[in-house]
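Undergrad: Predicted coordinates and the sequence they were generated for:
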Amino acid sequence: MKKILFVALGLSLACNSSQKTISQQTEPVKTVVDPQVYAESITEAELKEHLYTYASDEFEGRDTGEPGQKKAVEYLKAEYVQLGIPAAQSDGNYFQNVPLVINHLPKGSVSIHGKKYENGDGLLTFSAASGSYDNIVYVNNGVEEENYSDYAGLDVKGKIVLMKAGEPVNADGTYKISGTNEKSVWSNMSESLGKRMELASSKGAIGVLYFDEGNYGRFKNRFNFMQGNDGGSMVLKDEMESDFFSFFIDATVANAILPNILSENKSKNVATKLVLNIESDSKDVDSENVVAVIKGSEKPNEYVIISAHLDHVGVNNAGEIFNGADDDGSGTVGLLEIAEAFKKAADEGHGPKRSVVFLHVTGEEKGLLGSKYYADHDPIFPLSETVADLNIDMIGRIDPNRKGDRNYIYLIGSDKLSTELHELSEEVNRKYMNIELDYTFNDENDPNRFYYRSDHYNFAKNNIPIIFYFNGTHADYHQPGDTPDKINYDLLQNRTRLVFLTAWEIANRDARLKVDKAAK
C-alpha cells in the first residue's frame, strides 16, 4: 500500500510540474541583444578597404550615367550578393532604373523691346524657349496660399509670367501670409523656387521670368560651371516639360521689362515686346539606384531606410578625376558596413523587427534625382509605411571652420518632424558612442540650407522623419583633392557605428516613431 501511494503521489506531482512548465512556456521569453556586438563589426580597416576601391581613379568620379557610375553600381551589387542580402525589388533586381534626360546648355538670345540679350548675359535659362510675345503678366512674388493669391483676377494661361523673390508685405511691414513679422516658406529660395514654378505651371503659364537679385549670382555660377565643362542640366524624364521654361534674370533685365520692379507690388498685365530664340538639344541618360533589404521578423511591412548617394561629379575637361572619397564615398561604404552588421545579427537569429532598406541613390549631384524618383515616382516600399530615413552624406572628414572635439558629427533634421526621433538619437549616442552632436546646420536660419540639399529631403517633404549625418564642407569639397588618403577612418568608423545603432533602435522599438510635426 505505501508503495502504491508513493507512486500515485509522484504521478500527481509530475502532472502538476508538467502543467506549470507548460504555463510558463506560454509567456514570451525576451532575449536582450547588445547591438554593440554588431556595431563593432564596423571597422576602420574594412571601411578603408572599400573606400580605396570605390573612390579610386578606376571609378572615374562616378558621374551619373557615365561608365564610372556603372562600375560603382556593379561594385555595390556584388557586395550585397556576397553578403547574402537580397534585392529590394520583387524581381530580384538590385538596380532600380532611374530614367533621366540631360539638356545641354542652351544657346541663343532674348530680345526685349528690340534689345538683344544673349543667354548668360543678364538672363539665364537651362532649357529651350522660343516664340514672340506682346505682353506678359506680372504676378508680384508669385505666391498663393489659402487666404491670399498674387494670381487673383489674372488669366495666365498660355502666357509668360514675371515674378520677383520674397513674399508680400503689409503696409505696416508685417507679412501677408503669416500676418506677423515671421517670414513664411516663400521667403526661402531653396524651398519656394520649385513651388513658384509648379504654381505658375498649374495656372497654365508657359514660362517664368524670375528676378532674385540676391541669388542671381548662384544661378550664374552654375551656368558658368556648365558652360566651362560642356555640361547640361539633368532632370527626371517623367518630369520633363517641353513646353514650360524658366529664366533667371538680373536687375537690368527685370527693370527693362518692368521699371522699378522692386517697388511694384501689384499684379498686372505688362505690355512687352519679347522675342525668345533659345535652342538646346537633349539626350536620354540611363542610371540606377541600388536597393537591398533585410526583411523584418515581426513588422516586415514597416520600413527603416538608410540612404547614401553613390554618384559624384566625374572628370573635368582637363582630365582631372573628382574621386569623391568623402562626398559621398564615405557614406556609401558606411552603408555597406551597416548592412553587413545587420546581416550578421540576422544570421545569429537577431534580425530587425522592422525591415531595413539599404538605399544607394544616383543623381544626387544633379539635383537629388535618384531619391526624388524613389520618393515621388516609384517607391519600392510604401511611403506610408516608411518609418524613417537616416541619410549619410559626407562623414569622413573634419570641417576646418569648426571649433571643438574632432570626434563630432553634424546632425540635421532630427527634430523637424518627430520629437521621438530626436530624443531617441540623443539617447542612443549617450548610451553607446558619446560623439559630440553638433546642430549648427540644423538652424532654420542657416544660410547654407543643408537641410534641403541632400537626399533625405525627398523623404522629409513626405512627412517621413529623417536624420542627415554630415561632417561639413572643406577645401576639397567638389575638387579633385577629395581622395581616400584624406579620410579620418577612426571618425568614419565611429560615425558609421552611430548610424547603425540609431537604425537598430528605430527598427527594434515596439512602436513606430510618431510624427508630431508637419513638413513645411
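TA: Sure thing, it's come through.
Undergrad: Look at Gly204 and tell me its secondary structure.
TA: coil (DSSP: H, G, I helix; E, B strand; the rest coil).
Undergrad: Please apply the same query to His350.
TA: Quick answer, by three-state DSSP: His350 is coil.
Undergrad: element containing the nearest residue to it once chain neighbours are set aside, please.
TA: Using CB to CB, 6 or more residues apart in numbering and skipping residues adjacent in sequence, the residue nearest His350 is Val33, 4.8 Å away. All C-beta spots, glycine's among them, are computed from the backbone N, C-alpha and C. Here Val33 is covered by no helix or strand, with elements defined by DSSP states H and E.
Undergrad: burial of Val33, as a residue count?
TA: 14 (other CB atoms under 10 Å).
Undergrad: close enough to count as contact, it and Gly349?
TA: No. Using CB atoms under 8 Å, Val33 is not in contact with Gly349; the gap is 9.2 Å.
Undergrad: Show the contacting residues for the residue nearest to Met433 when sequence neighbours are not counted.
TA: In space, and not counting its chain neighbours, Met433 is closest to Leu498: 4.9 Å by CB to CB, 6+ apart. Listed by CB atoms under 8 Å, 6 or more residues apart in numbering, the contact set of Leu498 reads Ile409, Val428, Asn429, Tyr432, Met433, Ile435, Tyr469.
Undergrad: ok, and the most crowded of those?
TA: Within those, most neighbours by other CB under 10 Å means Tyr469, with 29 neighbours.
Undergrad: Which pLDDT value goes with that residue?
TA: Looking at Tyr469, its pLDDT reads 98.
Undergrad: Can you give the contact residues for the host helix or strand of it?
TA: Assessed by DSSP H and E, Tyr469 sits inside strand 466-470. Identification of contacts with strand 466-470 by CB under 8 Å, 6+ apart yields 331, 388-395, 409-414, 416-417, 421, 425, 441, 450-451, 454, 456-457, 459-460, 495, 498-499, 502.
Undergrad: 6 Å - rerun?
TA: With CB atoms under 6 Å, 6 or more residues apart in numbering as the test, strand 466-470 has contacts from 389-395, 409-410, 412-414, 454, 456, 459-460, 499.
Undergrad: Show me the helices in the stretch 151-300 of the chain, by range?
TA: Assignment of helices within the stretch 151-300 of the chain using DSSP state H, counting those that start in this stretch yields the ranges 189-202, 216-228, 251-257.
Undergrad: list the buried ones in the second one?
TA: Looking back up the chat, that one is helix 216-228. Within helix 216-228, the residues that qualify as buried are Tyr216, Phe219, Phe223, counting by 16 or more other CB atoms under 10 Å.
Undergrad: which residues touch the second one?
TA: Spelled out, it's Phe219. Counting by CB under 6 Å, 6+ apart, the residues that Phe219 touches are Leu124, Phe248.
Undergrad: and what of the last one?
TA: For Phe223, the contacting residues are Gly120, Leu124, taking CB under 6 Å, 6+ apart as the criterion.
Undergrad: go with 10 Å
TA: Leu105, Asn119, Gly120, Leu124, Thr125, Phe126, Ser233, Phe248 (CB atoms under 10 Å, 6 or more residues apart in numbering).
Undergrad: Highest neighbour count among those residues?
TA: Busiest of those [other CB under 10 Å] is Thr125, holding 26 neighbours.
Undergrad: That one against Met226, yeah?
TA: No. Contact criterion CB atoms under 10 Å: Thr125 and Met226 do not qualify, at 11.7 Å.
Undergrad: Now for those two: what residues contact both?
TA: Taking CB under 10 Å, 6+ apart as the contact rule, Thr125 and Met226 both touch Leu105, Ser233.
Undergrad: picking that back up, tell me which of the helices of the stretch 151-300 of the chain approaches Gly481 most closely.
TA: helix 216-228 (17.3 Å; CB to CB).
Undergrad: ok so, going back, nearest to Arg354, out of the helices of the stretch 151-300 of the chain?
TA: Of these, nearest to Arg354 by CB to CB is helix 189-202, at 30.2 Å.
Undergrad: What average pLDDT does the closest one get?
TA: 91.
Undergrad: Quick check: which helices or strands does it pack against?
TA: Judged by 3 or more CB pairs under 10 Å, 6 or more residues apart in numbering; DSSP states H and E, helix 189-202 is in contact with strand 144-145, strand 160-164, strand 207-211, strand 245-249.
Undergrad: still on that earlier bit, buried residues, the helix or strand containing the residue nearest to Met433. List them.
TA: Using DSSP H and E, Leu498 sits in helix 489-508. Using 16+ other CB under 10 Å as the test for burial, helix 489-508 gives 489, 491-508.
Undergrad: and what of stretch 43-54?
TA: In stretch 43-54, counting by 16+ other CB under 10 Å, buried: Glu44, Glu46, Leu47, Lys48, His50, Leu51, Tyr52, Tyr54.
Undergrad: Put together a markdown table for those residues, with secondary structure on each row.
TA: Output for these, formatted as a markdown table (three-state DSSP):
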| residue | secondary structure |
| --- | --- |
| Glu44 | helix |
| Glu46 | helix |
| Leu47 | helix |
| Lys48 | helix |
| His50 | helix |
| Leu51 | helix |
| Tyr52 | helix |
| Tyr54 | helix |
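Undergrad: for those, which one is nearest Val110?
TA: Nearest member of the buried residues of stretch 43-54 to Val110, counting by CB to CB, is Tyr54, at 43.9 Å.
Undergrad: mind listing what that closest one touches?
TA: Here Tyr54 is in contact with 62, 71-72, 75-76, 79, 310, 323-325, 329-330, 332-333, 336, 484 (criterion: CB under 10 Å, 6+ apart).
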